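*Asks:* here's a sequence, model it:
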Amino acid sequence: MTSAAASHASLNTHAEGPRWPVRYLLFIGGMGGLLYGIDIGIIAGALPYLEATATASWHLTSQQLGFVVAAVLLGSVLSSLFAGAIADLIGRRNTLVLAGALFTLSIPVMALSEGYAALLLGRLLQGISGGLIGVVVPLYLAEVLSPERRGRGAGLFQLLLTIGLVLAAVIGLYQAHAVDAAAESVRHLPSAEQQRLLFEVKDHAWRTIFWSCLLPGLVFTFGALFISESPRWLARRGQLDKARAALQRTVAASEVEPTLQSMQAPEQTQALARGSRVRDPLLSRRYVWPFVLACLVLAFTQATGINSVLAYAVNILNQAGLPGAAANGADVAIKLLNALMTVVALVLVDRKGRKFLLMLGTGGITVALLCAALLFVRGEQGRVDVRPILQQQVSGEALDLTLDAAQWAQLDRHADARPQQLTVSYAYGDFNNVRSLRSDSPTDAALQIRRKDAVSADSVIGRFFRSLHLNPFPDPAQAADAPLVIERASVGPVPSPTHGWLVAGCILLFVAFFAVGPGVCVWLALSELMPTRIRSNGMSIALLINQFVSTVIAALFLPTVGHYGYASMFFFWAGCTLLYFLVATFWLPETKGRTLEEIEARFR
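*Replies:* Numbers count the residues shown, from 1 in each chain. Have a look, this model is predicted:
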């Protein structure tokens with residue numbers, strides 16, 4: 001290399017800052033996104049097999065299955081509430097190490113579980129890890145990266161999040177092919193032997209899906225041990241030498257001292273205000289308005305239904321008409337498109353800005369959800385109400401119905417050669433459950449309803465609330481003698497594969513617009529809008545709201561679609577996304593290209 005070329009390279013390095021430390025930070029931040037994506041997506045492939053085995057061996061209800069799905073989101077709610085305080089107390093880096101350790105621990109707890117409680121505990125641990133990652137990784141990247149790289153950093157977090165979803169979907173697809181191959185190989189065996197062998201295969205499938213997530217957790221946990229601490233966190237604690245050393249790893253040498261001074265400026269201003277007894281109210285507009293905006297953006301992001309669509313994708317596509325591995329294949333395509341469109345968003349986010357992408361994304365999502373809802377309205381039309389027939393079959397507070405060809409024909413006298421689907425919603429007192437059976441499934445040869453399939457034992461939480469004369473949960477004592485009531489029951493043909501692919505197309509469109517808009521911009525809104533004084537705790541509260549909305553939707557999904565059909569959920573999500581579009585259009589400011597201090601000054 002000539003002297004001139006060497007000098008030019010040196011100047012470039014001087015201008016841009018150290019590259020490898022920044023790339024390593026981005027890699028670890030991206031791995032955090034990968035784990036977050038696995039948190040959300042891994043249950044989609046495991047759920048059909050978990051439902052097929054756990055409902056029989058553990059007597060899980062549809063509500064309990066919903067809790068298993070939502071437990072990750074509930075764990076995120078719990079940890080999001082304290083993530084900011086933990087990050088302030090022990091530092092950003094140590095919080096990331098803690099998050100990785102909890103994720104790694106959750107894997108054997110879930111994969112080795114032999115009952116509902118252990119499985120729920122493992123999912124909660126996974127969710128707690130996800131909540132810490134969801135708050136602290138964007139917070140860490142926002143505090144460490146320069147304004148020119150901040151959009152790219154948040155985008156990379158979202159990109160690896162989508163790759164985590166793809167990885168989870170591919171694992172589910174592999175297991176789906178294994179289960180389909182096993183089902184084909186045992187068709188010549190007697191029905192009882194078929195059911196026994198398929199039960200073992202499906203039980204092994206969902207456990208293997210969970211085990212496959214162990215390696216990414218180990219990589220993130222050990223990798224986080226070698227990143228530098230946030231210079232802003234260090235500066236706030238007066239550790240200026242360490243903050244300067246951390247900055248030297250991520251910004252150009254000429255920018256170290258100016259950046260350090262800008263970090264100290266807000267703290268000095270607050271110190272002067274305290275010294276002169278001038279109080280800056282926490283509820284002043286400079287704090288409340290950006291905080292409210294960030295909370296609205298995060299709440300509406302989950303109200304689009306994205307986490308439920310990704311978690312229940314295989315179930316949704318099965319109901320839409322795609323069989324077996326075809327639904328898993330479409331699930332992989334959905335999550336692969338999510339990753340590809342996130343790359344597009346990475347290119348656009350620092351060029352077009354956050355506001356434009358949010359408007360584009362939410363507008364497209366609304367159209368896609370409305371189309372999917374209308375397709376489900378069409379697919380769910382013409383179903384026959386068989387509730388009176390099934391209620392007459394109830395004997396001794398239980399129902400036993402052999403679903404042979406003659407019985408299917410009796411339930412729907414106008415049925416054609418297509419497979420039929422029977423959906424039954426029933427209750428014992430305040431305990432509800434939903435069963436869905438198909439005429440082409442060898443494991444759905446009979447409809448059996450027992451009290452133990454719906455009424456679960458009392459919990460510590462339930463007893464606690466009842467001791468306060470509150471009753472948010474059903475009381476097992478009251479349901480012990482309650483009669484079996486068939487609330488809703490309908491039978492009709494399973495939609496055609498063409499209908500299933502049309503629904504898959506709508507979901508593909510939904511995910512593409514989500515990736516371009518809210519997928520990337522939500523993390524930027526979370527980290528950029530919050531002023532320095534409230535950033536860590538404000539981000540925790542905002543993500544708490546985000547995960548609370550997501551948890552409620554995920555927990556109510558199966559009971560809601562069982563009672564009212566899939567169209568109802570898609571119409572609800574479309575309405576929420578329309579409100580999101582209006583917020584992004586009229587209230588959200590543009591933040592691209594501005595330092596965190598400049599954004600904060602805008603709200604003063």
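*Asks:* name all residues that make contact with A554.
*Replies:* Contacts of A554 were listed using Cβ atoms under 8 Å, 6 or more residues apart in numbering, and they are 66, 69-70, 73, 307-308, 311. (Each C-beta comes from the backbone N, C-alpha and C, glycine too.)
*Asks:* now name the helix or strand holding it.
*Replies:* Using DSSP states H and E, A554 falls within helix 535-564.
*Asks:* once you drop chain neighbours, what's closest to P497?
*Replies:* Once its chain neighbours are removed from consideration, P497 has its nearest residue in G321; the separation is 5.4 Å (Cβ to Cβ, 6 or more residues apart in numbering).
*Asks:* quick one, phi psi at the one you found?
*Replies:* As for G321, its main-chain torsions (degrees, to the nearest 10) stand at phi 130, psi 0.
*Asks:* in this structure R232 contacts E143, no?
*Replies:* Yes. R232 sits in contact with E143 when judged by Cβ atoms under 8 Å, with a separation of 4.2 Å.
*Asks:* the residue nearest to P497: how many residues sit nearby?
*Replies:* Residue neighbour count, defined by other Cβ atoms under 10 Å, stands at 24 for G321.
*Asks:* got it, and the one 10 residues further on?
*Replies:* Using other Cβ under 10 Å, the number of residues around D331 comes to 31.
*Asks:* residues contacting I486?
*Replies:* With contact taken as Cβ under 8 Å, 6+ apart, I486 is in contact with 387, 390-391, 394, 399, 424-426.
*Asks:* mind listing the strands for this structure?
*Replies:* Per DSSP state E, the chain carries strands over the ranges 384-385, 399-402, 420-428, 431-438, 446-449, 484-493.
*Asks:* can you tell me what sits against the fourth one?
*Replies:* Outside strand 431-438, the residues that touch it by Cβ under 8 Å, 6+ apart are 61-63, 403, 419-427, 444, 447, 449, 453-456, 474, 476, 479, 482, 487, 494, 558-559, 562-563.
*Asks:* buried sites along stretch 94-108?
*Replies:* Taking 16 or more other Cβ atoms under 10 Å as the neighbour-count basis, stretch 94-108 is seen to contain the buried residues 94-104, 106-107.
*Asks:* of those, which pair is most distant in space?
*Replies:* Within these, two members stand farthest from each other by Cβ to Cβ: N94 and I107, at 21.5 Å.
*Asks:* quick one: low-confidence parts of the stretch 51-200 of the chain?
*Replies:* Screening the stretch 51-200 of the chain residue by residue with the criterion pLDDT under 70, one finds the ranges 62-63, 146-155, 158.
*Asks:* switch the cut-off to 50
*Replies:* With pLDDT under 50 as the threshold, the stretch 51-200 of the chain has no low-confidence stretch at all.
*Asks:* so L336 touches V166, yeah?
*Replies:* Yes. Counting by Cβ under 8 Å, L336 touches V166, with 5.2 Å between them.
*Asks:* neighbour count winner among those two?
*Replies:* Neighbour count, other Cβ under 10 Å: between L336 and V166, V166 has more, with 22 against 18.
*Asks:* got the contact list for that one?
*Replies:* 37, 41, 332, 335-336, 338-339.
*Asks:* and Q393, how many neighbours does it have?
*Replies:* Using other Cβ under 10 Å, Q393 has 15 neighbouring residues.
*Asks:* can you check the one 5 residues further on too?
*Replies:* Taking other Cβ under 10 Å as the criterion, the count of residues near A398 is 14.
*Asks:* per-residue pLDDT, it?
*Replies:* Here the pLDDT value assigned to A398 is 83.
*Asks:* and if you look at the one 3 residues further on?
*Replies:* Looking at L401, its pLDDT stands at 83.
*Asks:* need the contact list for the residue nearest to it when sequence neighbours are not counted.
*Replies:* The spatially closest residue to L401, leaving aside those adjacent along the chain, is L447, at 4.3 Å (Cβ to Cβ, 6+ apart). Contacts for L447 (Cβ under 8 Å, 6+ apart) come out as 399-401, 403, 422, 424, 435, 437.
*Asks:* stretch 495-515: how far from the chain's middle?
*Replies:* Distance, stretch centre to chain centre, for stretch 495-515: 19 Å (Cα atoms, centre = their mean, to the nearest Å).
*Asks:* pull out the buried residues from that stretch.
*Replies:* Of the residues in stretch 495-515, those buried under the neighbour-count criterion (16+ other Cβ under 10 Å) are 495, 499-504, 506-515.
*Asks:* report the contact partners of the residue nearest to P497.
*Replies:* Residues touching G321, when contacts are defined by Cβ under 8 Å, 6+ apart, comprise 379, 494-501, 503.
*Asks:* from I133, how far off is it?
*Replies:* Taken as Cβ to Cβ, to the nearest Å, the spacing of G321 relative to I133 amounts to 36 Å.
*Asks:* got it, and I389?
*Replies:* For I389, the distance to I133 under the criterion Cβ to Cβ works out to 50 Å.
*Asks:* the more surrounded of these two?
*Replies:* Of the pair I389 and I133, I133 is the one with more neighbours under other Cβ under 10 Å, namely 30 against 15.
*Asks:* so the more buried one touches L98, yeah?
*Replies:* No. In terms of Cβ under 8 Å, I133 does not count as a neighbour of L98; the distance is 10.1 Å.
*Asks:* count of neighbours near R187?
*Replies:* The number of residues packed around R187, counting by other Cβ under 10 Å, is 8.
*Asks:* nearest spatial neighbour of it, skipping sequence neighbours?
*Replies:* When the adjacent residues along the chain are set aside, R187 lies closest to Q194, with 7.2 Å between them (Cβ to Cβ, 6+ apart).
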